[in-house]
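Asker: The following comprises the amino acid sequence and a computationally predicted model.
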Amino acid sequence: MKFSDVLRMCVRNLTKRKIRTSLTVLGVIIGTCAIVVMISLGYGMNEAMDKMIGEWADLTLIEVYNFGGRNPDGTEVPDLTDDIIAGFKDLPNVVAATPFMTSLWIGGQIAIYSEELAISSGSFIGVYMDELEAFGYTLLEGRWKTASDPSGTVIVGQQFGSSAYDFVYDEYLWPQWPDDYDEFGNPTVKMVDPMTTELRIIPLTMDTSGGWWNADYSVIGSETAPNKEYDRELNVIGMIEGSWRDWYTMEGVFVDIEFLNEYIKAYNELNPDMQFREFDGTYDNVRIRVDDMNNVQKVEEEIQKMGYQTYSMTQARDRMREQIQLIQLLLSALAGVSLFVAALNIMNTMITAVVERTREIGIMKVLGCDISKILMLFLGEAALIGFLGGVLGIGLSYLSSFLLNTFLMDVIMQAMYGGGMLAEGVSISQIPLWLPLFGLLFATAVGVVSGFYPAYRGTRISALSAIAHE
């Protein structure tokens, strides 16, 4: 008996009992569809989560801290110095590393001003300027700093200059709501455009006699000002595209650490009662960028071995993934129950088929048919039921996935995450290329396994008793 003969007999025997076969295949369809859809929901939720966290923060970013030279458990940790940062850069998968030294508020301790207006909001960030481009920032205007640029060369955030203080008329200027704001509440106009306006910088003296930190702007342009030697031109060469996941890109001023420290010292000289920490060669915070978010944990582990504390959004991402995996496991278990029921149904169908065709089995044995062919016949029918159910189940899973993404995505995400993970261009159900093949093979394997016992039972029937069977 050829394989083609066995296949024809399988198809003929299944089509003889259309209703029973259809109901058995239906169970496999439902089970296969359930498992594929449950797995696809896990993929969709993971992508939605990655997109959501990616909008909060850079998933390739690691922050390194030194809590006063000691870990929380009391062990000593080397200071974060330029040499230590250079060691971080030598680690595999590290793209860039720089300290983030934040100090001196613009409009508070420092004035950045034009002829009549001073920018009233922002903060200096001391960094390695040559590392900024490698951190993935995008320039809206201008260029990156080069070695030939003079001291006082800075790159500003996108919203820098949106608000200003008119120190001539003692009046603060802001964009007008809602005309000068976009749909996300970001200003669309600038009181001072740092890219086209000649700007200068000067440290301010502070008056706290009234209980407030009041900056003295009268020093601007004064020939007798005690800080006149620090009144110099500020060279703004670029503007970074802003993102609220990194506030510094909105109103920050990126500057060389040496230049920032010069103005910290100048401010401290003018304000002995309100001192800022001057740079002593050590840092409290270092940022590291890794080439791929999947390598972040490995780099973090290397840094933690050195004794430093680290933080990255991948930690939050991993915790959320664990929750998603637990949900997916529970959903897949429920789907597995339906496929298990389908397997029992296949077994029941095949046992019934063996009983009904006992006489046929006896005739085949008397005619000399090999036992393996009889076994293949019944296993083939069971496999065909699983295969057909798998094909149709996969088709149904694609339809279900489409319906979920089109009509039920908002409802599901609102119920599970309060809508927090909704993001444009993300599908709640995603079927990767390997999943249909896996579903088809799994459904076919279920059919074969379910049909093995009935098929084996059929081969054990005595030929004489089978022929005598009514």
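Answerer: Yes, it's here.

Asker: domains in the protein, as residue ranges please.
Answerer: Following the assignment in automatic domain parsing, the chain carries domains at 3-57+317-468, 61-311.

Asker: quick one: low-confidence parts of the protein?
Answerer: For the chain, applying pLDDT under 70 flags the ranges 1-6, 50, 52-57, 67-74, 208-213, 357-358, 360-361, 365-368, 409-426, 461-470.

Asker: The biggest helix by length in it packs against which elements?
Answerer: For the chain, the longest helix by residue count, based on DSSP state H, is helix 313-356. In terms of contacts (3 or more Cβ pairs under 8 Å, 6 or more residues apart in numbering; DSSP states H and E), helix 313-356 is packed against helix 18-56, helix 296-305, helix 371-403, helix 434-459. Every C-beta, even on glycine, is put in place using the N, C-alpha and C of the backbone.

Asker: any chance of those helices in CSV, plus distance to P272?
Answerer: Converted to CSV, these look like this (distance: least, Cβ to Cβ, whole Å):
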stretch, distance to P272
helix 18-56, 41
helix 296-305, 38
helix 371-403, 68
helix 434-459, 68
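
Asker: Now render those helices as JSON lines, adding mean neighbour count and distance to D82.
Answerer: Formatted as JSON lines, those follow (neighbours: other Cβ atoms under 10 Å; distance: least, Cβ to Cβ, whole Å):
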{"stretch": "helix 18-56", "mean neighbour count": "20", "distance to D82": "30"}
{"stretch": "helix 296-305", "mean neighbour count": "16", "distance to D82": "16"}
{"stretch": "helix 371-403", "mean neighbour count": "21", "distance to D82": "52"}
{"stretch": "helix 434-459", "mean neighbour count": "19", "distance to D82": "47"}
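
Asker: E141 bridge partners, please.
Answerer: M239 (DSSP bridges).

Asker: do you know how far it is from D193?
Answerer: 10 Å (Cβ to Cβ, to the nearest Å).

Asker: same thing with Q315?
Answerer: From Q315 to D193 the distance is 39 Å (Cβ to Cβ).

Asker: can you check R8 too?
Answerer: According to Cβ to Cβ, R8 stands 81 Å off from D193.

Asker: which one of those two has more residues nearby?
Answerer: A direct count of neighbours by other Cβ atoms under 10 Å for R8 and D193 places D193 higher, at 16 against 11.

Asker: Pretty sure the more buried one sits in a strand.
Answerer: No. Assigned with DSSP: H, G, I helix; E, B strand; the rest coil, D193 falls outside any strand and is coil.

Asker: which residue sits closest to it, ignoring its sequence neighbours?
Answerer: G161 (6.0 Å; Cβ to Cβ, 6 or more residues apart in numbering).

Asker: With K228 instead?
Answerer: Nearest residue to K228, sequence neighbours excluded (Cβ to Cβ, 6+ apart): S222, at 7.2 Å.

Asker: Also L379?
Answerer: A455 (4.9 Å).

Asker: How about E171?
Answerer: Nearest to E171 is Y165, by Cβ to Cβ, 6+ apart, at 7.5 Å.

Asker: One more: Q309?
Answerer: Closest to Q309 by Cβ to Cβ, 6+ apart is Y65, at 4.6 Å.

Asker: So that neighbour is in contact with T310, correct?
Answerer: Yes. With contact defined as Cβ atoms under 8 Å, Y65 reaches T310; the gap is 7.4 Å.

Asker: thinking again about what came up before, counting neighbours, what do you get for the residue nearest to D193?
Answerer: So G161, with other Cβ under 10 Å, has 29 neighbours.

Asker: what about it, distance to M191?
Answerer: Counting by Cβ to Cβ, the gap from G161 to M191 is 6 Å.

Asker: what residues are shared contacts of those two?
Answerer: With contacts defined as Cβ atoms under 8 Å, 6 or more residues apart in numbering, the residues shared by G161 and M191 are I119.
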